[in-house]
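Student: For reference, the sequence and a predicted model appear below.
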Amino acid sequence: MDYAAFSEALFPFVSEVGYLALSLVSFFGSLIPFVPLPSFLVLATMAVGDQFNIHILAILSAVTATLAKQIIFYVSYSGGRIISEKTRKRMKPFERLVKKYGAGAAFVAAATPIPDDLVYIPLGLAKYNPRRFFVATLTGKIVLSYVIVLISHFVGLSLVDPLLEDIKDTSTIYIGMIVFGVLLTAMVILLLRLDWAKILGRVAPWTLIEEDKKD
């Protein structure tokens, strides 16, 4: 597969704008919750060959993605004013669970291809320390970005062949993003509606105890 052509068809402005294109795709792809843009494809294709500096690619991708996630975190941080008191009460045990592993949870979410907003939003609601969140998220994003660029630069893109070999039309990618976004949105709604006191009461009873001090 011609990955450069595939990336160009998916994001026509990449080859002309270069590093700025990666920054835009990474930022807005990370800013829109639950509707992921495949920015890793742009990062991976730009890392192949010697046209772009792989270190600049990794740092740009990590920093712009982290800035976007910081915005989502701060929106969630003040989200208590939007979410009803009843919903917040149901969410409190889960917020305490995520907050306990705050930096570690943020790092793992950033360094792996999991839906990280499912971790970041509860951390914001729990009013986790913003600086710790930023450092943990940036570190995780740097790790993930370097893994992608190093594999792409030195090994090539053969690892993603099984994912892309049957895709003939880029519209399939966009449809997949929409479907994935709908599924994740449904998961968040379920997350907000579950009675976490009942779910965590037996396995993590400490989550039912009110905190005396904030992190």
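Tutor: Ah, there it is.

Student: what residue is smack in the middle of this protein?
Tutor: D116 (4.0 Å; C-alpha atoms, centre = their mean).

Student: List the contacts of that residue.
Tutor: Residues in contact with D116 (C-beta atoms under 8 Å, 6 or more residues apart in numbering) are 69, 109-110. For glycine as for every other residue, the C-beta is placed from the backbone atoms N, C-alpha and C.

Student: can I assume V119 is in contact with A105?
Tutor: Yes. Under the contact definition of C-beta atoms under 8 Å, V119 touches A105, with a separation of 5.2 Å.

Student: which residues touch L57?
Tutor: With contact set as C-beta under 8 Å, 6+ apart, L57 has these partners: 19, 22, 43, 46-47, 145, 149.

Student: so what's I175 scoring on pLDDT?
Tutor: Per-residue confidence at I175 stands at 72 (pLDDT).

Student: ok, it to M187 distance?
Tutor: In this structure, I175 and M187 are 19 Å apart, going by C-beta to C-beta, to the nearest Å.

Student: which one of those two has more residues nearby?
Tutor: It is M187, of I175 and M187, that has more neighbours when counted by other C-beta atoms under 10 Å, with 14 against 11.

Student: and the residue nearest to the more buried one when sequence neighbours are not counted, what is it in contact with?
Tutor: Closest residue to M187 apart from its sequence neighbours, by C-beta to C-beta, 6 or more residues apart in numbering: L118 at 6.7 Å. Taking C-beta under 8 Å, 6+ apart as the criterion, L118 is in contact with 109, 184, 187-188, 191.

Student: likewise K141?
Tutor: Contacts for K141 (C-beta under 8 Å, 6+ apart) come out as 61-63, 65-66, 69, 110-111.

Student: Quick check: the farthest pair among these?
Tutor: V63 and A111 (14.9 Å; C-beta to C-beta).

Student: Distance of I121 relative to V48?
Tutor: Using C-beta to C-beta, we find I121 at a distance of 34 Å from V48.

Student: quick one, which of the two is more surrounded?
Tutor: Neighbour comparison, I121 and V48: the larger count goes to I121, with 24 against 19 (by other C-beta under 10 Å).

Student: Would you list the phi and psi of that one?
Tutor: Here is the backbone geometry of I121 (degrees, to the nearest 10): phi -60, psi -50.

Student: surely it meets Y74?
Tutor: No. Counting by C-beta under 8 Å, no contact exists between I121 and Y74, whose distance comes to 11.2 Å.

Student: so where's this protein shaky on pLDDT?
Tutor: Low-confidence segments of the chain, defined by pLDDT under 70, span residues 1-16, 33-38, 79-82, 156-174, 176-177, 181, 211-215.

Student: 50 instead?
Tutor: Counting by pLDDT under 50, the chain has low-confidence residues at 1-2, 212-215.

Student: Which parts of it are helices?
Tutor: Shown for the chain, the helices assigned by DSSP state H span residues 3-10, 14-17, 19-31, 39-47, 54-77, 85-100, 102-111, 117-125, 130-154, 161-164, 171-193, 196-200.

Student: got TSV for those helices, with distance to I209 too?
Tutor: Putting those into TSV (distance: least, C-beta to C-beta, whole Å) gives the following:
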stretch	distance to I209
helix 3-10	48
helix 14-17	50
helix 19-31	34
helix 39-47	40
helix 54-77	22
helix 85-100	8
helix 102-111	17
helix 117-125	17
helix 130-154	22
helix 161-164	44
helix 171-193	21
helix 196-200	11
